[in-house]
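Enquirer: Coordinates for the following, if possible.
(one chain, ligands or ions: 1)
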Amino acid sequence: MIPRPIQRLLLTALYDAFAEWADTFAFACRKGCATCCTRSVTMTSLEGDGIMAFLAEADRPPELAAPAFQPTPNRTGQCTTNTFVAAHLRGESVEEAESWDLRPCPFLKEESCSIYPVRPFGCRLFASLDPCAASGVAEMPPGYLAGATALLQYIEHLDNGGRWGTMVEVLAGLNSGQADGCGESTAPIPGFLIAPDERALVEPLLQGLLARKVNAQTFEQWLQIARPTSSQ
Ligand code: SF4
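Expert: As a prediction, this is how the structure comes out:
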């Protein structure tokens, strides 16, 4: 398992690579637009640790005692990103989560994100070519979601032994010291869901990230170290 400090460096490298790629699109998203900031955002415990450290530095851990972070009653198990992709690759149908919680994210304050520097990747990938406040539907360029999903898979793969779930439930678990009881176990990359006509758009993102060096190893080498028996 990769030590947490190096996992965090890898996460930062991934965030940077994605931000550079996303900047090549003309998205309509602006500060103050928060239609996509709901309690259904998902993340890994790796990202959760970064948020916990950010909150601790600002004396904000008491916020996690708010009702918004209480475990959802009658929660049913969900597919992580990698278990979802694995099921699709096996040709199995995958049921959507029954109860997405579309209430505002508890970190949304005055229409701005109060943990912006450490917001999880599930927030960073939100984007739309058209303002989506009225329709509630984001319009993404071809290949964008495939690229973002591949990076979600990398993060889950790196967080070997970690947890995956909604941001609120993962943080509640970490805050109570019962992280193992929240969400689902993370899983290795089983392959990708990138259509042939999306490859030309997605490859620059993936190849650029895989070649990035972190602590003298490439990102690709770190993926192998994280879960040596899996395929990327
Ligand atoms: S963490 Fe920030 S960016 Fe993410 S949903 Fe909450 S308010 Fe929005």
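
Enquirer: rest of the way, CA atoms for contacts and neighbours
Expert: OK.

Enquirer: so where do the helices sit in this structure?
Expert: Along the chain, counting by DSSP state H, helices occupy 4-22, 45-57, 81-89, 121-124, 144-158, 167-176, 199-211, 219-226.

Enquirer: Just send the ones you listed back as a markdown table, with mean neighbour count, distance to the ligand and mean pLDDT too.
Expert: Listed next are the helices of the chain as a markdown table, based on neighbours: other C-alpha atoms under 10 Å; distance: least, C-alpha to the nearest ligand atom, whole Å; pLDDT from 0 to 100:
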| stretch | mean neighbour count | distance to the ligand | mean pLDDT |
| --- | --- | --- | --- |
| helix 4-22 | 17 | 14 | 97 |
| helix 45-57 | 19 | 9 | 97 |
| helix 81-89 | 19 | 18 | 96 |
| helix 121-124 | 18 | 4 | 96 |
| helix 144-158 | 23 | 15 | 97 |
| helix 167-176 | 23 | 8 | 93 |
| helix 199-211 | 16 | 22 | 96 |
| helix 219-226 | 19 | 25 | 98 |
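
Enquirer: Could I get the ones you listed in CSV, plus columns for distance to Leu64?
Expert: Formatted as CSV, the helices of the chain follow (distance: least, C-alpha to C-alpha, whole Å):
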stretch, distance to Leu64
helix 4-22, 22
helix 45-57, 9
helix 81-89, 25
helix 121-124, 19
helix 144-158, 23
helix 167-176, 7
helix 199-211, 33
helix 219-226, 30
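
Enquirer: Check whether Ile194 really touches Tyr144, as I assumed.
Expert: No - assessed by C-alpha atoms under 8 Å, Ile194 is found out of contact with Tyr144, at 10.2 Å.

Enquirer: Look up which residues are beta-bridged to Lys109.
Expert: Beta-bridge pairing for Lys109 (DSSP bridges): Ser112.

Enquirer: For it, grab the count of nearby residues.
Expert: By other C-alpha atoms under 10 Å, 12 other residues sit near Lys109.
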